[in-house]
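Peer 1: Compute the structure for the input listed below.
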Amino acid sequence: MSIDDYLDLLNYAIAINDEQWQADLLDRLKNYKDLAEEQKQVDSVRELWSRFDHINFMLLQLFDKLRDHEDAEDSDQWKTQIWELKMERITVAKQIQERYIKIR
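Peer 2: Residues are numbered from 1 along each chain as shown. As a prediction, the model looks like this:
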């Protein structure tokens, strides 16, 4: 949630005289910077997982091409692309692992 959302909720909590909710929202606002940083890390991990999934999808397509057209002229190029994607997948996997270690 954005800081504006928290402020809107705080105004509503004041309007209905819910002191416990007000205190909770004030605590969250005090820790908002930490929450925002943690959310950035979570979003970063999601982006990395999305990239990892996309690499796997591209690898599957290339493997299908190789299986169906093994003797094609482009097969060497596909094998090179597969190798590059595997290397990229290793890099992304390491980045994911590093982020999970920092989050926990």
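Peer 1: CA atoms for contacts and neighbours, from now on please.
Peer 2: Fine.
Peer 1: any idea how far residue 81 lies from residue 73?
Peer 2: Note on residue 81: its distance to residue 73, by Cα to Cα, to the nearest Å, is 14 Å.
Peer 1: more neighbours, the two?
Peer 2: Shown here are residue 81 and residue 73; by other Cα atoms under 10 Å, residue 81 has more neighbours (15 against 9).
Peer 1: And that one, how close does it get to residue 60?
Peer 2: Applying Cα to Cα, the value for residue 81 to residue 60 is 12 Å.
Peer 1: can you give me the mean pLDDT across the helix or strand hosting residue 28?
Peer 2: For residue 28, the enclosing helix or strand under DSSP states H and E is helix 19-30. When pLDDT is averaged over helix 19-30, the result is 90.
Peer 1: who does it touch, helix- and strand-wise?
Peer 2: Applying 3 or more Cα pairs under 8 Å, 6 or more residues apart in numbering; DSSP states H and E, we find helix 19-30 packed against helix 3-15.
Peer 1: Which other helices and strands does the helix it packs on contact?
Peer 2: Using 3+ Cα pairs under 8 Å, 6+ apart, helix 3-15 is in contact with helix 19-30.
Peer 1: and the helix or strand following the helix it packs on, how far from the chain's centre?
Peer 2: Once the chain leaves helix 19-30, the next helix or strand it forms, by DSSP H and E, is helix 32-68. Its chain's C-alpha centre and that of helix 32-68 lie 7 Å apart, by Cα atoms, centre = their mean, to the nearest Å.
Peer 1: And for residue 52, the neighbour number?
Peer 2: Residue 52 has 19 neighbouring residues, counting by other Cα under 10 Å.
Peer 1: Report the contact partners of the residue nearest the centre of the chain.
Peer 2: Nearest residue to the geometric centre of the chain (Cα atoms, centre = their mean): residue 46, 1.1 Å. If a contact means Cα atoms under 8 Å, 6 or more residues apart in numbering, then residue 46 has no contacts.
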